[in-house]
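**Q** next comes the sequence, and after it the predicted model I'd like to discuss.
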Amino acid sequence: MEVGTTVPCIEIGTIIRSLGCCPSEGELHDLIAEVEEEEPTGYIRYEKFLPVMTEVLLERRYRPIPEDTLLRAFEVLDPSKRGFLTKEELIEYMTEEGEPFSQEEMEEMLSAAVDPESNCIHYKDYIAMMVVDES
């Protein structure tokens, strides 16, 4: 990219996650604040973003959660050990507990996780699909 290139702030999360990083919304907000201009324009200058993003990658910041930890978390949400959660259950957990998902994040997750035939999330399959190979 040439000098003077800008990136829309709303795309920063997508860019960072496409590089294998998994920041929370709070961490993402802090990172954007770090690279944004004094007077926010809605865009970030590439030459300001690049060194910060390089540092994030070198420090292996925002690493994904390990597969066994994810599985245990889903199992807590599924006390009867059915092996799945309904779409409605997942929406409730993701919007009412902890750091709530944004509407966009929720739709993105549901489109990847929900089996259209059963309208359920078979979480072992979903976890296997979303885990990043660290080797």
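**A** Nice, I can see it.
**Q** got the contact list for the spatially most central residue of the chain?
**A** In the chain, the residue lying closest to the centroid (Cα atoms, centre = their mean) is Cys22, at 5.0 Å. Neighbour list for Cys22: Tyr62, Arg63, Pro64, Ile65 [criterion: Cβ atoms under 8 Å, 6 or more residues apart in numbering]. (Glycine included, C-beta is placed from N, CA and C.)
**Q** am I right that Ile44 sits in a strand?
**A** Yes: counting by DSSP: H, G, I helix; E, B strand; the rest coil, Ile44 is located in a strand.
**Q** pretty sure it sits against Thr6.
**A** Yes: Ile44 lies in contact with Thr6 (Cβ atoms under 8 Å); the separation is 6.4 Å.
**Q** which residues do these two both contact?
**A** Common neighbours of Ile44 and Thr6 (criterion: Cβ under 8 Å, 6+ apart): none identified.
**Q** hmm, back to that, farthest-separated two in the contacts of Cys22?
**A** The two members of those with the most space between them (Cβ to Cβ) are Tyr62 and Ile65, at 10.5 Å.
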